[in-house]
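J.: here are the coordinates; sequence isn't available:
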């Protein structure tokens, strides 16, 4: 009888650990980078998603690690590595990373009314961090900064949820 209880107890522990691992939230580290401050951001640099611009010339970037996570709860830890500029991160689902987002040339920003925002962190001061958590289904998602000129300066990336 004692052997049976030990086996059942062991199976329950293994089952509990497996279930916990299966439902653990994914954590994505997001870093916001700018290389040149606001210099030259008054005109779109044509480095937005789907524009096939030379990203080697990008003055800004959003980096994520990992680039692929499992569906379910995903926590985004966002760090603004800029020394002077305030940034934000907006997350939206997309169909194709080659599609162009609607862009307001006059304001030099993405038309947020044309894309459904799922989550965001606004006004992250230089050298500061913030986070947000979402429940995500499989698909492709864009993370971008929509302050004037930042998106077109290359401040976006695409990640995948499986």
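T.: Done, it's in. Treat the numbers as computed from the prediction; the structure is a model and nothing was measured. Numbers count the residues shown, from 1 in each chain.
J.: helix, strand, or coil at the most centrally placed residue in the chain?
T.: Computing the C-alpha centroid of the chain and ranking residues by C-alpha atoms, centre = their mean puts residue 143 first, at 3.9 Å. Counting by DSSP: H, G, I helix; E, B strand; the rest coil, the backbone at residue 143 sits in strand.
J.: residue contacts, it?
T.: Neighbouring residues of residue 143 by C-beta atoms under 8 Å, 6 or more residues apart in numbering: 30, 62, 64, 76, 89-91, 156-159. From N, CA and C alone the C-beta is placed, and that goes for glycine too.
J.: surely residue 93 is in contact with residue 116?
T.: Yes - between residue 93 and residue 116 there is a contact at 6.9 Å, judged by C-beta atoms under 8 Å.
J.: low-confidence ranges, the chain, go.
T.: Scanning the chain with the threshold set as pLDDT under 70 gives 1-23, 36-44.
J.: sorry, back to before: just the ones of the contacts of residue 143 in strands?
T.: Secondary structure assignment by DSSP state E places 30, 62, 64, 76, 89-91, 156-159 of those in strands.
J.: who's more crowded, residue 93 and residue 116?
T.: residue 93 (15 against 9; other C-beta atoms under 10 Å).
J.: how about the helix or strand in which that one is found: buried residues?
T.: Element membership of residue 93, judged by DSSP states H and E, is strand 87-94. By neighbour count on 16 or more other C-beta atoms under 10 Å, the buried set for strand 87-94 is 87-92, 94.
J.: which residues sit against the very next helix or strand once past that strand?
T.: Later in the chain than strand 87-94, the nearest helix or strand by DSSP H and E is strand 103-104. Strand 103-104 is contacted by residues 44, 48, 109-111, 151-152 when judged by C-beta under 8 Å, 6+ apart.
J.: show the backbone phi and psi for the closest residue to residue 58 other than its chain neighbours.
T.: Excluding the flanking residues, the one nearest residue 58 by C-beta to C-beta, 6 or more residues apart in numbering is residue 154, at 2.7 Å. The phi and psi values for residue 154, taken as degrees, to the nearest 10, are phi 100, psi 10.
J.: then residue 114?
T.: Reported as degrees, to the nearest 10, the phi and psi values for residue 114 are phi -90, psi -10.
J.: what about it, how many residues nearby?
T.: Residue 114: 11 surrounding residues under other C-beta under 10 Å.
J.: do I have it right that it meets residue 94?
T.: No - judged on C-beta under 8 Å, residue 114 makes no contact with residue 94 at a distance of 11.6 Å.
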